[in-house]
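Undergrad: return a 3D structure for these sequence lines:
(chains A and B, ligands or ions: 4)
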Number of protein chains: 2
Amino acid sequence: KSMANTSRSAPGLISCPICLDHYSEIVDSGRLVVSTKCGHVFCSQCLRDALRTSHTCPTCRNKLTSRQYHPLYV
Amino acid sequence: KSMANTSRSAPGLISCPICLDHYSEIVDSGRLVVSTKCGHVFCSQCLRDALRTSHTCPTCRNKLTSRQYHPLYV
Ligand SMILES: [Zn+2]
Ligand SMILES: [Zn+2]
Ligand SMILES: [Zn+2]
Ligand SMILES: [Zn+2]
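TA: Numbering: from 1, shown residues only, chains lettered A, B, ... in the order given. Ligands and ions are numbered 1, 2, ... in the order given. Sure thing, here's the model as predicted:
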């Protein structure tokens, strides 16, 4: 498995490094933009799916439970 | 005191609702972009200053301590 790469997107612009959807695509489809405790940003669907198979952050691989992320209001 | 207003900025674009600096201005000046547990985003300097006088989130007024926010890597 390769690590999700956040450097593809422009800095300061929100997108999900897993599905590559941008903020507006995420929100328009009813998903939330979420941030982990370690500061990594995903769409809610991709992070939920990832945590089903591994209890780690897809970007930095720190331990992560479903209680250690929160919606981001930007 | 009025509540910090996040609706001034374009959705999906990171800026601090207190000093109104955008992502690049925040980062270029050596500050961090931070998110509270309640999902509100600020520059590290403004949030630190705000928490000195009130232990609440400047945007939503939920209780907030200095351990309940984290840098955001976007
Ligand atoms: Zn996604
Ligand atoms: Zn992480
Ligand atoms: Zn600020
Ligand atoms: Zn808040």
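Undergrad: what's near enough to touch the nearest residue to A:S35 once chain neighbours are set aside?
TA: Closest residue in space to A:S35, ignoring its immediate chain neighbours: A:L72 at 4.6 Å, by C-beta to C-beta, 6 or more residues apart in numbering or on different chains. Where you see a C-beta, it was placed from the backbone N, CA and C, and this is true even at glycine. A:L72 makes contacts with A:I14, A:L32, A:V33, A:V34, A:S35, A:V41, B:S35, B:G39, B:V41, B:L72, as judged by C-beta atoms under 8 Å, 6 or more residues apart in numbering or on different chains.
Undergrad: give me the phi and psi angles of the third one.
TA: Same thing as A:V33. Taking degrees, to the nearest 10, you get phi -90, psi 130 for the backbone angles of A:V33.
Undergrad: spatially nearest residue to it (excluding sequence neighbours)?
TA: Going by C-beta to C-beta, 6+ apart, A:V33 has A:L72 as its nearest residue, at 4.7 Å.
Undergrad: host element of A:H70?
TA: Secondary structure assigned from DSSP states H and E places A:H70 in strand A:69-71.
Undergrad: quick one: the helices in chain A, in order.
TA: Secondary structure of chain A (DSSP state H): helices located at A:23-28, A:44-53.
Undergrad: mind putting these into TSV with mean neighbour count and distance to B:I26?
TA: Formatted as TSV, the helices of chain A follow (neighbours: other C-beta atoms under 10 Å in any protein chain shown; distance: least, C-beta to C-beta, whole Å):
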stretch	mean neighbour count	distance to B:I26
helix A:23-28	16	18
helix A:44-53	16	25
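Undergrad: out of those, nearest to ligand 2?
TA: Nearest of the helices of chain A to ligand 2, taken as C-beta to the ion: helix A:44-53 at 10.2 Å.
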